[in-house]
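Peer 1: next comes the sequence, and after it the predicted model I'd like to discuss.
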Amino acid sequence: MVFKGKVFKYGDNVDTDVIIPARYLNSADPENLAAHCMEDIDEDFADEVSEGDIIVGGKNFGSGSSREHAPLAIKYAGVSCVVAESFARIFYRNSINIGLPILECPAAVQATETGDQLEVNIDQGQVKNLRTGKTYQAVAFPPFMQEIIKDGGLIEHVKKELV
Amino acid sequence: MGMTMIEKILAAHSDQDALKPGDIVNARVDMVLGNDITTPVAVEEFNKIGVDKVFDKEKIAIVPDHFAPNKDIKAAEQVNMIRKFARKHEITNFFEVGQMGIEHVILPEKGLTLPGEIIIGADSHTCTYGALGALGTGVGSTDMAAAMATGKAWFKVPPTIKFVYKGKLKPHVSGKDLILYTIGQIGVDGALYKAMEFTGEAIDNLSMEGRMTMSNMAIEAGGKAGLIAADEKTEEYLKGRTQRDYTVRNADSDAEYEQVIEIDVSQIEPQVAFPSLPENTKGLDEIEEKIEIQQSVIGSCTNGRIEDLRVAAEILKGQKVNENVRCLVFPGSQAVYKQAMNEGLFDIFIDAGVAVSTPTCGPCLGGHMGVLAEGEKAISTTNRNFVGRMGSTGSEVYLASPAVAAASAIKGYIAGPEEVK
């Protein structure tokens, strides 16, 4: 999987409350979640994001509430992948489980600005900044997680096990 | 070589003799929990798996507590959906309004979380059960769905940081102050991908309520769990709450920790976490400015237990809530509600001008029952003070103990109990 997209960059500790505020959690409808994605940190995000764009975050991205609505909102908004310095553990788990590609790559994050174009190779864990031409290597997934990713998420993975 | 609490609990649930950080296990779980926000998504995912039955109808708990009693039509539809699922699968532990309390208050209260067990919950504060010597950890809806089908969940064994709390607490300093102080020291990602073990004289002396407050906020340091060894207090708490057998799985004396952090609690003042991160802590004595507040919230899965309400009532007794403040008390369960009522705490609250609510998570996450307007400030005994957490993105939340929240409600600005006389 290779994704190419425009960068929306945010700082450290982007929590799931700002990714999808609780006032919208009375429905898990994809349109509702996409329309309000990132609203409390960047109210223009939903209007400006295009299919394939990439969110870049600092440390502890997705901290706070376990709401899976957060990675779902990002996915439904058309974002192809999230690159961060580190992810909060429940967000990390949820993203893998629902099939939202994520990569931990501090060096790439530090060298990236909003508006840059990134090319992300998920299989090889490589992040290329097309503005600077530099390529960065992300942290590899443990083999069991690669299996879940390959199966297309936890539900498909469990189905395979149960059958 | 010995094992930490989390290593021991995970090993016992995956038939391993020993585990070390980095190992990956597929472990049996003793309880799978969800609420009215996370369960609807889990039900949809569960239905995709294609099994007709849940793995064990007694090992699933579904608690409509976030937007319940239903705050609007959409919330009502969500609760209806999970109610139907619970009925169809004859889920024993579905708690309807009237039985319902805040999930992390009622599960321990009903003996559904025992020492040595694994509880996963589609709610980040599932780490509360660490206070009973159990591995409680937050997951998402898809993990909940998979576990409802299989009774298992994947875990990577985390390294553990051991915290040793030495000395005796000053008056009006509680478990809430200890955990806020700790998060202030290590930061909101200080325990990311790690387990925390809370030990030492000050933990031994804490009540079960105080311990649950501490474990509850392990996630606010990024922790996978916040574990406390089961002891006589735990046994005493569990008396009459369960018929089930359990095995205490406390850490071995030669367990290996990634880090040991010692904290002298005798120097800790009541803590306040400033907006918009729980790590922005200050002791009351370090706050120089007068921070006026418009709302004081006492309750939640962090501080909605009987001891918390007693502390607040003691300070509010014979006092009046400041005319510029709305003070809201949220008992965490029907049992806490009844006990507080029987102890006369509601008389104290109502005479002081406090509004007492039925149990709900409502205000903590800006859901309902106490949402903030732009420019408003609240002091709250809840666990998060993120941007917009309790309402408008232009509002602010300060986190503190029930004692500080009660004193601040009386004064109209952030204040300690010593200032109320």
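Peer 2: It's in.

Peer 1: find the residue at the geometric middle of chain B.
Peer 2: B:Asn216 (3.4 Å; C-alpha atoms, centre = their mean).

Peer 1: next structured bit after the lowest-mean-pLDDT helix or strand in chain A?
Peer 2: Counting by mean pLDDT, DSSP states H and E, chain A has its least confident helix or strand at helix A:143-151, which shows a mean of 89. Later in the chain than helix A:143-151, the nearest helix or strand by DSSP states H and E is helix A:154-162.

Peer 1: other SSEs contacting that next one?
Peer 2: In this structure, helix A:154-162 makes packing contacts with helix A:89-98, helix A:143-151, helix B:39-49, helix B:141-150, judged by 3 or more C-beta pairs under 8 Å, 6 or more residues apart in numbering or on different chains; DSSP states H and E. Backbone N, C-alpha and C define where each C-beta goes, glycine included.

Peer 1: 7 Å - rerun?
Peer 2: helix A:143-151, helix B:39-49, helix B:141-150 (3 or more C-beta pairs under 7 Å, 6 or more residues apart in numbering or on different chains; DSSP states H and E).

Peer 1: quick check: buried residues in it?
Peer 2: Across helix A:154-162, burial judged by 16 or more other C-beta atoms under 10 Å in any protein chain shown covers A:Leu154, A:Ile155, A:His157, A:Val158, A:Lys159.

Peer 1: contacts only, for the fourth one.
Peer 2: Going by C-beta atoms under 7 Å, 6 or more residues apart in numbering or on different chains, A:Val158 touches B:Ile49, B:Ala146, B:Ala149, B:Thr150.

Peer 1: what sits against the nearest residue to A:Thr112 once chain neighbours are set aside?
Peer 2: In space, and not counting its chain neighbours, A:Thr112 is closest to A:Val56: 5.2 Å by C-beta to C-beta, 6 or more residues apart in numbering or on different chains. Contacts for A:Val56 (C-beta under 7 Å, 6+ apart) come out as A:Val7, A:Lys9, A:Val83, A:Ala84, A:Val109, A:Thr112.

Peer 1: may I ask which two of those are separated the most?
Peer 2: A:Val7 and A:Ala84 (12.0 Å; C-beta to C-beta).

Peer 1: the two - which one has more neighbours?
Peer 2: A:Ala84 (27 against 20; other C-beta atoms under 10 Å in any protein chain shown).

Peer 1: could you give the backbone dihedrals for that one?
Peer 2: phi -140, psi 170 (degrees, to the nearest 10).

Peer 1: the biggest strand by length in chain A pairs with which strands, and in what direction?
Peer 2: Identified as the longest strand of chain A according to DSSP state E is strand A:2-9. Here strand A:2-9 has these sheet partners by DSSP bridges: strand A:54-57 (parallel), strand A:117-121 (antiparallel).

Peer 1: so which of those is the most surrounded?
Peer 2: Of all these, strand A:54-57 has the most neighbours on average by mean count of other C-beta atoms under 10 Å in any protein chain shown, namely a mean of 25.

Peer 1: quick one: mean pLDDT over that strand.
Peer 2: Summarised as a single mean, pLDDT over strand A:54-57 is 98.

Peer 1: B:Gly318: how many residues sit nearby?
Peer 2: Residues near B:Gly318, counting by other C-beta under 10 Å, number 8.

Peer 1: nope, A:Gln110 is what I meant
Peer 2: Neighbour tally, A:Gln110, other C-beta under 10 Å: 11.

Peer 1: mind saving the C-alpha coords of the longest strand of chain A as PDB?
Peer 2: The C-alpha coordinates for strand A:2-9 follow below in PDB (Å, rounded to 0.1, in the frame of the first residue of the first chain):
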ATOM      1  CA  VAL A   2       1.400   3.400  -1.100                       C
ATOM      2  CA  PHE A   3      -0.400   6.600  -0.200                       C
ATOM      3  CA  LYS A   4       0.300  10.100  -1.500                       C
ATOM      4  CA  GLY A   5      -1.400  13.100   0.000                       C
ATOM      5  CA  LYS A   6      -1.400  16.500   1.400                       C
ATOM      6  CA  VAL A   7      -0.300  16.900   5.100                       C
ATOM      7  CA  PHE A   8      -2.400  18.300   7.900                       C
ATOM      8  CA  LYS A   9       0.000  18.700  10.800                       C
END
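
Peer 1: go through it and flag the buried ones.
Peer 2: A:Phe3, A:Gly5, A:Val7, A:Phe8, A:Lys9.

Peer 1: cool, and stretch B:308-317?
Peer 2: Residues B:Asp308, B:Leu309, B:Arg310, B:Val311, B:Ala312, B:Ala313, B:Ile315, B:Leu316 are the ones in stretch B:308-317 that count as buried (16+ other C-beta under 10 Å).

Peer 1: and the furthest pair within the residues you listed?
Peer 2: Spatially, the most separated pair among the buried residues of stretch B:308-317 is B:Asp308 and B:Leu316, at 12.5 Å (C-beta to C-beta).

Peer 1: pLDDT (mean, whole number) over stretch B:52-68?
Peer 2: Stretch B:52-68 comes out with an average pLDDT of 98.

Peer 1: stretch B:358-373 now?
Peer 2: 98.

Peer 1: cool, and stretch A:91-106?
Peer 2: 97.

Peer 1: SS state for the residue nearest the centre of chain A?
Peer 2: Geometric centre of chain A, nearest residue: A:Val82, 3.0 Å, by C-alpha atoms, centre = their mean. Secondary structure assignment for A:Val82 (DSSP: H, G, I helix; E, B strand; the rest coil): strand.

Peer 1: what's near enough to touch it?
Peer 2: Contact analysis of A:Val82 by C-beta under 7 Å, 6+ apart lists A:Ile55, A:Gly57, A:Phe61, A:Ile74, A:Leu100, A:Ile102.

Peer 1: spatially nearest residue to the second one (excluding sequence neighbours)?
Peer 2: Using C-beta to C-beta, 6+ apart and skipping the chain neighbours, the partner closest in space to A:Gly57 is A:Ala84 (3.9 Å).

Peer 1: now the helix or strand containing A:Ala46: average pLDDT?
Peer 2: In the assignment (DSSP H and E), A:Ala46 maps to helix A:45-48. The average pLDDT for helix A:45-48 rounds to 98.

Peer 1: that helix near chain B at all?
Peer 2: No: Helix A:45-48 lies out of reach of chain B by C-beta under 7 Å from any C-beta of the partner chain, never closer than 13.6 Å.

Peer 1: quick one: strands adjacent to the helix or strand that contains B:Thr137?
Peer 2: Using DSSP H and E, B:Thr137 maps to strand B:135-138. Strand B:135-138 has the following strand partners under DSSP bridges: strand B:118-122 (parallel).

Peer 1: which secondary structure element is home to the closest residue to B:Ala75 other than its chain neighbours?
Peer 2: Counting by C-beta to C-beta, 6+ apart, B:Phe67 is the residue found nearest to B:Ala75 once chain neighbours are left out, at 3.7 Å. B:Phe67 is part of no helix or strand when elements are defined by DSSP H and E.
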